[in-house]
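Engineer: next input, structure requested:
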Amino acid sequence: MADNLTSAQRSRAMRRIKSKDTSPEIALRLLVRELGFSGYRLHRKDLPGKPDLAWIGRKQAIFLHGCFWHGHDCPRGARIPKTNTRYWQTKIEKNRRRDIQHTAQFTEQRWRVLTVWECELKNKIALAARLKAFLTPTS
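Structural biologist: Here you go, the predicted structure:
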């Protein structure tokens with residue numbers, strides 16, 4: 001995957017990538033609502049890593065990770081651009097370490113954390129089962 005943009009063009013393109021209200025995130029929220037779960041808060045800045053969905057009283061958080069950006073072990077996540085390879089490997093590895101750190105911080109505070117990968121949105125039935133198992137209160 002060769003980069004045919006100039007440095008300035010690439011910089012401009014990267015700045016335009018949204019971090020909130022992306023189509024995968026909206027699809028996840030819609031599925032959560034369809035399953036009957038509400039009351040979540042979005043991108044709470046006072047929580048480690050600003051989880052995409054957080055139920056404060058229940059101490060549950062969901063992170064939706066893009067497979068490429070967070071280095072998922074799937075065909076899309078395993079692909080590293082052919083240009084500037086060292087930069088991308090370093091960036092993705094840094095993201096992975098930060099994800100582990102955020103999960104550990106939640107665990108220390110007795111929160112439950114679920115990571116949903118972007119590729120999981122392709123199989124809504126399996127994802128719905130994971131979400132339901134995670135979000136259904138246990139007594």
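
Engineer: can you name the element that comes right after the biggest helix by length in the chain?
Structural biologist: When the chain is parsed with DSSP state H, its longest helix is helix 85-108. Downstream of helix 85-108, the first helix or strand assigned by DSSP states H and E is strand 112-117.

Engineer: who touches the residue located most distally from the centre of the chain in this structure?
Structural biologist: Distance from the C-alpha centroid of the chain, by C-alpha atoms, centre = their mean, peaks at residue 6 (28.7 Å). With contacts taken as C-beta atoms under 8 Å, 6 or more residues apart in numbering, residue 6 has no neighbouring residues. For the C-beta atoms, the positions are set from N, CA and C on the backbone; glycine is no exception.

Engineer: one more time with 10 Å
Structural biologist: Residues near residue 6 by C-beta atoms under 10 Å, 6 or more residues apart in numbering: residue 12.

Engineer: and what of residue 102?
Structural biologist: Counting by C-beta under 10 Å, 6+ apart, residue 102 has contacts 47-51, 61, 63, 113, 115.

Engineer: what's residue 37 in contact with, if anything?
Structural biologist: With C-beta under 10 Å, 6+ apart, residue 37 has these contacts: 29, 31, 53, 55, 58, 60, 131-132, 134-136.

Engineer: got a markdown table for these, with neighbour count and secondary structure too?
Structural biologist: Converted to a markdown table, those look like this (neighbours: other C-beta atoms under 10 Å; DSSP: H, G, I helix; E, B strand; the rest coil):
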| residue | neighbour count | secondary structure |
| --- | --- | --- |
| 29 | 19 | helix |
| 31 | 16 | helix |
| 53 | 23 | strand |
| 55 | 18 | strand |
| 58 | 14 | coil |
| 60 | 20 | strand |
| 131 | 22 | helix |
| 132 | 13 | helix |
| 134 | 14 | helix |
| 135 | 19 | helix |
| 136 | 10 | coil |
